[in-house]
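*Asks:* Quick one, fold the following:
(one chain, ligands or ions: 1)
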Amino acid sequence: MIRAAECNSPMVSDALTKMLILQDRDMKLQQVEDALQTIPLERKAAEAKIASLKADIEAARQRIKELETKGKGIETEMASVEVQIVKYKNQQLQVKKNEEYQALIHEIENAGKKISDLESDELEVLYELDEERKRFAESETKSKEEIVLEERAIVRLNEREEEVKDELESAREAKVAADAELDNPSRSKYTQVARGLKFPVVVELAGQSCKGCHMRVSNAILSEVKAAKEITTCDNCGRILYYAD
Ligand SMILES: [Zn+2]
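*Replies:* Purely as a prediction, here's the structure:
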């Protein structure tokens, strides 16, 4: 990886190797810390998704119930109007005056109209109910499948969380150990470069382009990195460079 040509300072190539090891431990630790932050968020999102799917199922169930209640209400109303019609017809047999008789005919007609209105209301409700039940059957199956998937995702997240919790301590220790290997100037250089930059901060110079920012470095930087007499940084992004053929 690091070119150890005769002209290179062994101290610089040694420092670069140690920086690369420290960087590897830093990235590993960062990965673990990131996972510990994102896993609870992902779990929350999955839980919210499940809750919303369950709420959708419940809302659809509620709509069906409401339509059923509405249908029953219409039937009850129809039955009572029919009872009323029978009463009017009985009254017709008893009244003596023609105007009373006519008034009853009028009432019976009105009641008949009401029955026919109620019948068309009922048909509408039955149609809606039918559609709602069909929709429900389809969406319930789909939602339940999605719920199962989300629940499985939560199980995996919980397992992963346990794993990374176990990894955290050893990742911290590994970082401390790698850090202790660096001499003070190398450490402060590394720390200074790592501040405010995304990993990796020690990168290869491939040909003449920095593998951190993918920009071409100047000829002066290229020779410096090749010579490896001191720690050299990219003139564009500031990352520490090492040379590889
Ligand atoms: Zn760069």
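
*Asks:* Excluding sequence neighbours, find me the nearest residue to residue 239.
*Replies:* Once flanking residues are discounted, residue 239 sits nearest to residue 212: 3.9 Å by C-beta to C-beta, 6 or more residues apart in numbering. Any C-beta I mention is one placed from the backbone N, CA and C, and that applies to glycine too.

*Asks:* Which residues of the chain lie near the ion?
*Replies:* Residues of the chain lying close to the ion (C-beta under 5 Å from the ion) are 210, 212, 213, 234, 236, 237, 239.

*Asks:* give the contact list for the fourth one.
*Replies:* Residues in contact with residue 234, defined by C-beta atoms under 8 Å, 6 or more residues apart in numbering, are 203, 205, 210, 212, 213, 215, 217, 221, 240, 241.

*Asks:* so the third one makes contact with residue 222?
*Replies:* No - under the contact definition of C-beta atoms under 8 Å, residue 210 does not touch residue 222, with a separation of 10.3 Å.

*Asks:* re the thing from before, the residue nearest to residue 239: how many residues sit nearby?
*Replies:* 24 (other C-beta atoms under 10 Å).

*Asks:* What residues does it make contact with?
*Replies:* Taking C-beta under 8 Å, 6+ apart as the contact definition, residue 212 lies against 197, 200, 201, 203, 234, 237, 239.

*Asks:* So which of those residues wins on neighbours?
*Replies:* Of the contacts of residue 212, residue 201 is surrounded by the most neighbours, 25 neighbours in total, counting by other C-beta under 10 Å.

*Asks:* For that one, report the pLDDT, please.
*Replies:* For residue 201, the model assigns a pLDDT of 97.

*Asks:* Tell me who's in contact with it.
*Replies:* By C-beta under 8 Å, 6+ apart, the residues touching residue 201 are 23, 190, 193, 194, 212, 239, 240.

*Asks:* Now, those that are in strands?
*Replies:* If you go by DSSP state E, the contacts of residue 201 have residue 240 in strands.

*Asks:* Quick check: of the contacts of residue 201, which has the highest neighbour count?
*Replies:* residue 240 (26 neighbours).

*Asks:* what's across from that one in the sheet?
*Replies:* Legend: beta-bridge partners of residue 240 under DSSP bridges are residue 202, residue 233.
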